[in-house]
Every structure is written in C-alpha cells, then in structure tokens.
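Enquirer: Curious how this folds, go ahead:
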Amino acid sequence: MSEKKDINKEVKEEIKEEVKDQACDVQEKPEEEKAVDETAGEAAAEPQQEPSEEEKMVKRVEEAEAKAAEATDKYVRMAAEFDNFRRRTAKERIELISTAGEDVIKGLLPILDDCERALQVLHQSSDSAAAIEGTELIYTKLMNFLKGRGLAVIEAKDKELDTEFHEAVAQFPVEEKEKKNKIIDVVQQGYMLNGKVIRYAKVVVGM
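Expert: Next up, the predicted model:
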C-alpha cells in the first residue's frame with residue numbers, strides 16, 4: 001500500500017513538471033513574438049534620414065543658378081527685341097523724312113528745267129545781260145538749296161550709256177568713232193537724291 005502511494009506521488013510530480021514546462025513555453029513564446037513586433041515597429045517608425053546642411057546648401061545654390069540663368073536669358077531676349085525695335089523705328093523715321101523730302105524735291109525739278117530752258121533762250125536771243133544774270137542767280141540759288149538737301153546731277157554728256165542712270169530716248173549717227181555708243185546730247189537732266197535715282201537722264205546716244 002505504501003509503495004502504491006509513492007508511485008502515485010511520483011506520477012503526480014511528473015505531471016506537475018510537464019504542466020509547468022508547457023506553461024513556461026507558452027509564456028516565453030509571446031515574449032519572443034513581442035520582441036519581433038517591437039523590432040518591426042521601430043523599423044517602421046524610424047524617420048527618413050534628413051539631408052545634411054551641405055546637401056541643402058548645394059540644392060539652394062543650384063536653384064539660385066537656375067533662376068539666374070533664366071533671368072539672364074530673359075534679359076538678353078528683351079535687350080535684343082528692344083534693339084531691333086529701336087533700329088526698325090529709326091529706319092522708318094529716316095525713310096519717312098526721306099520720302100517726304102523726296103516728294104518736295106521732285107516737285108521742284110520742273111522749276112529747274114524751266115530755269116535751264118530760260119537761260120538757253122536768253123543766251124540765244126542775246127537779251128540784256130541783266131535778264132540773264134537775274135535768271136542765273138535764281139537758278140543757282142535754287143540748285144544750291146537742293147544740293148544742300150542731297151540732290152546731285154547725274155553726269156551724262158560724253159559718258160557711255162548706263163541704264164542704271166540714263167534713259168536713251170533717241171540714237172543719232174555720228175562720224176567720230178569715239179562718240180559711238182556715247183551720250184552726245186542730254187534732252188532732260190537726271191538727278192539723284194542721297195544716292196538714289198529720282199529721275200533718269202533722258203539722253204541721245206551716238207551710233
């Protein structure tokens with residue numbers, strides 16, 4: 001009977017030990033899982049690394065350089081546009097003044113023609129010297145005034161025909177070889193204004 005009790009006691013002790021070991025395993029497992037969860041949480045909660053002051057400074061410098069380049073490009077474009085506008089305006093103003101002056105001077109050319117014809121008639125008719133002198137004075141003053149505004153006479157007599165300046169209105173046979181294809185008479189004087197032909201010289205060419 002005593003032996004039986006001892007056996008039962010040993011069995012109970014063994015069962016107790018097993019239960020205790022299982023309880024310890026159950027308690028240890030959550031601790032391990034908890035450690036894993038805490039590690040994962042720390043990794044998730046860890047903030048991204050902030051850029052260093054040097055990196056921030058480099059970024060600010062790059063942004064400033066980009067803005068400066070953009071501003072310089074805009075300034076260059078605006079300066080070029082303004083320069084083109086200034087040149088175009090100046091050219092238009094000069095053309096306007098030149099055109100207005102050209103119209104006035106063209107209107108005075110027939111008066112020059114009349115003065116020249118009057119002088120030819122006066123010289124041929126042997127009228128008084130006073131009339132010739134007065135007409136020449138008027139002609140000279142008018143011509144000097146127009147020359148001061150850029151008018152120039154186109155040279156024609158004894159020159160070779162140049163269609164850039166001369167208009168042949170007739171041909172006349174000549175005996176002298178050196179006069180062939182040369183201008184032998186000027187029917188109407190030609191003029192240039194500031195280097196531009198405003199009236200071609202009407203001429204007779206030897207043939």
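Enquirer: Measure how buried residue 65 is and give me the count.
Expert: Using other CB atoms under 10 Å, residue 65 has 10 other residues around it. No exception for glycine: its C-beta is placed from N, CA and C like everyone else's.
Enquirer: give me the element it is part of.
Expert: Using DSSP states H and E, residue 65 maps to helix 53-125.
Enquirer: any idea of the mean pLDDT for that helix?
Expert: Here helix 53-125 scores 86 as its mean pLDDT.
Enquirer: Report the inter-axis angle for the following helix or strand past it versus helix 53-125.
Expert: Using DSSP H and E, the helix or strand that follows helix 53-125 in sequence is helix 129-148. Between helix 129-148 and helix 53-125, the angle comes out at 170 degrees (axes from the mean of the first three to the mean of the last three CA atoms, to 10 degrees).
Enquirer: Can you give me the buried ones in helix 129-148?
Expert: 132, 135, 139, 143, 146 (16 or more other CB atoms under 10 Å).
Enquirer: Quickly note the distance from the first one to residue 115.
Expert: Read it as residue 132. Distance of residue 132 to residue 115, computed by CB to CB, to the nearest Å: 12 Å.
Enquirer: ok so, going back, which pair in the buried residues of helix 129-148 has the greatest spatial separation?
Expert: Spanning the widest gap among these are 132 and 146, at 21.3 Å by CB to CB.
Enquirer: what residues go with each domain of the chain?
Expert: 102-149, 152-207 (automatic domain parsing).
Enquirer: Redo the ones you listed as TSV? Include distance to residue 64.
Expert: Shown next, in TSV, are the domains of the chain (distance: least, CB to CB, whole Å):
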stretch	distance to residue 64
domain 102-149	56
domain 152-207	53
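Enquirer: quick one: which of these is nearest residue 65?
Expert: Comparing these under CB to CB, the one sitting nearest is domain 152-207, at 51.2 Å.
Enquirer: How far does the closest one stretch from one end to the other?
Expert: 28 Å (CA to CA, to the nearest Å).
Enquirer: Now that domain: average pLDDT?
Expert: On average, domain 152-207 scores 92.
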